[in-house]
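Colleague: Show me the folded form of this:
(chains A, B and C)
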Amino acid sequence: MGISKKKSIIQTQGKGTYEITGLITDALHDSGFSEGLINIFIQHTSCSLVMMENADPSARVDLERFMEDLVPEDYPSFTHTYEGPDDMPSHIKMALTRTSEQIPFSAGRLQLGTWQGIFLWEHRSSPHSRKIITTCIGE
Amino acid sequence: MGISKKKSIIQTQGKGTYEITGLITDALHDSGFSEGLINIFIQHTSCSLVMMENADPSARVDLERFMEDLVPEDYPSFTHTYEGPDDMPSHIKMALTRTSEQIPFSAGRLQLGTWQGIFLWEHRSSPHSRKIITTCIGE
Amino acid sequence: MGISKKKSIIQTQGKGTYEITGLITDALHDSGFSEGLINIFIQHTSCSLVMMENADPSARVDLERFMEDLVPEDYPSFTHTYEGPDDMPSHIKMALTRTSEQIPFSAGRLQLGTWQGIFLWEHRSSPHSRKIITTCIGE
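Modeller: From the prediction side, this is the model:
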């Protein structure tokens, strides 16, 4: 049993979901572990993690639009607005989704379902550098 | 310290929450571990995990109805509809709840609160076979 | 590699977010571990965990108000009401946020982002004693 950690940076280009499954697979490969659990953690409160179908991009478009409708930039009672109209909705979308995710692995491979992909969800309108820490616990 | 993993299948009968606390307890028992952490992971993007009160079923009925109102099948802007009207809402309900959950255990027992149960939430209308991976890390 | 566990109680004073970052830091310090992953788990279904910006309290005020609007106490179809009008909304807010959270640590410090704080979110109107279990896996 051991621990293996890796830091990565994802450069986003504004609102949207960015697949990071390959990055997580790479971190697992670097660990050299065969059996265990991988944790993905993002060091931010205005982007989040989400598992999502990675076959048809239209599912992600609909998800993003739904969330934009649910937490609109012009929500009347927001007071935390000095960082721009997209800031407060970003925090709420983060709170409603995930900051960390755990995925088991076996035989050196992530045990994802057939259609499961891991995505970083950028909630801010402008490009950002997003820091991801992956921690493998295994053997 | 070691890792113990188990795969299980839950057969669902359409939309609703299905308690899996007993299944998780069994996986912990099979591990033989006394102290540690158990991870529950589902390999799907149209069902999810949720912790919920397991005393009075009316709380789950209200939760399910609320989510059905929040993400209705006839949401006007959905484009990802070829798998049926319940498919896109399923992905959104999954994104708003959980794909993995972690629960500590001690003396060989899950450290759940008095009223906490673990549920698989089926978001599709038709029956599905749902794959769950439980990973115990402990000693 | 080893496991270190700690139980804590937070006394809440009604609805709101209560920062527990210091409590988690203390549990990590008590473990004596340098590298690893910490799990935070709450033993309740009417409060939850949330990561949130800890610089400007107005962001949390807006988050709390948004969630109050999204899941109002007078939601017409609720049937699970005998524990008071704030009970059923509490369960739904819990389901939409988090019961467990995982945070990596390195050199004996939580690897949080600059603005990230960990909060217990009390969803009930009256004061409650809330039990938190922190589990450090590390070395």
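Colleague: which residue ranges form the helices in chain A?
Modeller: A:21-31, A:57-70, A:87-96 (DSSP state H).
Colleague: got CSV for these, with distance to C:Phe78 too?
Modeller: The C-beta positions use only the backbone N, C-alpha and C, and glycine is treated the same way. As requested, those are arranged in CSV below (distance: least, C-beta to C-beta, whole Å):
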stretch, distance to C:Phe78
helix A:21-31, 39
helix A:57-70, 20
helix A:87-96, 20
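Colleague: Identify, out of those, the most deeply packed stretch.
Modeller: Comparing the helices of chain A by mean neighbour count (mean count of other C-beta atoms under 10 Å in any protein chain shown), helix A:87-96 comes out on top with a mean of 24.
Colleague: Check the contact between A:Thr12 and A:Ile132; I expect there is one.
Modeller: No - using C-beta atoms under 8 Å, A:Thr12 makes no contact with A:Ile132, being 11.4 Å away.
Colleague: shared neighbours, these two?
Modeller: A:Leu120 (C-beta atoms under 8 Å, 6 or more residues apart in numbering or on different chains).
Colleague: For chain A, give the residue positioned nearest to chain C.
Modeller: Relative to chain C, the nearest point of chain A is A:Gln43 (3.2 Å; C-beta to the nearest C-beta).
Colleague: Who are the contact partners of that residue?
Modeller: So A:Gln43 contacts A:131-133, C:111-114, C:116 (C-beta under 8 Å, 6+ apart).
Colleague: The same query, at a cut-off of 7 Å, please.
Modeller: A:131, A:133, C:111-113, C:116 (C-beta atoms under 7 Å, 6 or more residues apart in numbering or on different chains).
Colleague: Quick check: it vs chain B, distance?
Modeller: 19 Å (C-beta to the nearest C-beta, to the nearest Å).
Colleague: Next one: that residue from A:Val50, what distance?
Modeller: 17 Å (C-beta to C-beta, to the nearest Å).
Colleague: My read is that A:Phe33 contacts A:Gly138, right?
Modeller: Yes - here A:Phe33 reaches A:Gly138: they are 3.5 Å apart, a contact under C-beta atoms under 7 Å.
Colleague: okay, and the common contacts of those two?
Modeller: In contact with both A:Phe33 and A:Gly138: no residue, using C-beta under 7 Å, 6+ apart.
Colleague: in chain A, what residue is nearest chain B?
Modeller: Counting by C-beta to the nearest C-beta, chain A gets nearest to chain B through A:Gly113 (3.2 Å).
Colleague: Excluding sequence neighbours, find me the nearest residue to that residue.
Modeller: Computed as C-beta to C-beta, 6 or more residues apart in numbering or on different chains, the closest residue to A:Gly113 that is not its neighbour in sequence is B:Gln43, at 3.2 Å.
Colleague: what pLDDT does the one you found get?
Modeller: Listed pLDDT for B:Gln43 reads 98.
Colleague: Likewise for A:Gln11?
Modeller: Predicted confidence (pLDDT) for A:Gln11: 98.
Colleague: got it, and the one 10 residues further on?
Modeller: We note a pLDDT of 98 for A:Thr21 in this prediction.
Colleague: And A:Gly138, by the same measure?
Modeller: 97.
Colleague: distance of the closest residue to it other than its chain neighbours from A:Ser58?
Modeller: Taking C-beta to C-beta, 6+ apart, and ignoring the residues beside it in sequence, A:Gly138 has A:Gly36 as its nearest neighbour in space, at 2.1 Å. Separation of A:Gly36 from A:Ser58 (C-beta to C-beta) stands at 34 Å.
Colleague: likewise A:Gly108?
Modeller: A:Gly108 sits at a distance of 32 Å from A:Ser58 (criterion: C-beta to C-beta).
Colleague: What of A:Ile20?
Modeller: In terms of C-beta to C-beta, A:Ile20 sits 20 Å off from A:Ser58.
Colleague: same deal with A:Gly138?
Modeller: A:Gly138 sits 36 Å away from A:Ser58, going by C-beta to C-beta.
Colleague: what's the answer for A:Ile92, then?
Modeller: From A:Ile92 across to A:Ser58, the span is 24 Å (C-beta to C-beta).
Colleague: now do A:Lys7
Modeller: With C-beta to C-beta as the criterion, A:Lys7 and A:Ser58 are 33 Å apart.
Colleague: Can you name the residues of chain A sitting close to chain B?
Modeller: Counting by C-beta under 7 Å from any C-beta of the partner chain, the residues of chain A close to chain B are A:1, A:35-37, A:50-53, A:56, A:58-59, A:61-63, A:65-66, A:96-97, A:101-104, A:106, A:111-113, A:115-116, A:137-139.
Colleague: Take those residues and keep only those in strands.
Modeller: Mapping the residues of chain A next to chain B onto strands (DSSP state E) picks out A:36-37, A:50-53, A:101-104, A:106, A:116, A:137-138.
Colleague: Including neighbour count and distance to A:Tyr82, could the residues you listed go into CSV?
Modeller: Below are those laid out as CSV (neighbours: other C-beta atoms under 10 Å in any protein chain shown; distance: C-beta to C-beta, whole Å):
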residue, neighbour count, distance to A:Tyr82
A:Gly36, 23, 43
A:Leu37, 28, 40
A:Val50, 25, 27
A:Met51, 29, 33
A:Met52, 23, 32
A:Glu53, 25, 37
A:Glu101, 22, 31
A:Gln102, 24, 35
A:Ile103, 25, 37
A:Pro104, 23, 42
A:Ser106, 16, 48
A:Gln116, 20, 38
A:Ile137, 27, 40
A:Gly138, 23, 44
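Colleague: Run through who's touching stretch A:58-77.
Modeller: Under C-beta under 7 Å, 6+ apart, the answer for stretch A:58-77 is A:16-17, A:52-53, A:85-86, A:89, A:92-93, B:75, B:77-80, B:88, B:91-92, B:95, C:65-66.
Colleague: what about that stretch, distance to the chain center?
Modeller: 17 Å (C-alpha atoms, centre = their mean, to the nearest Å).
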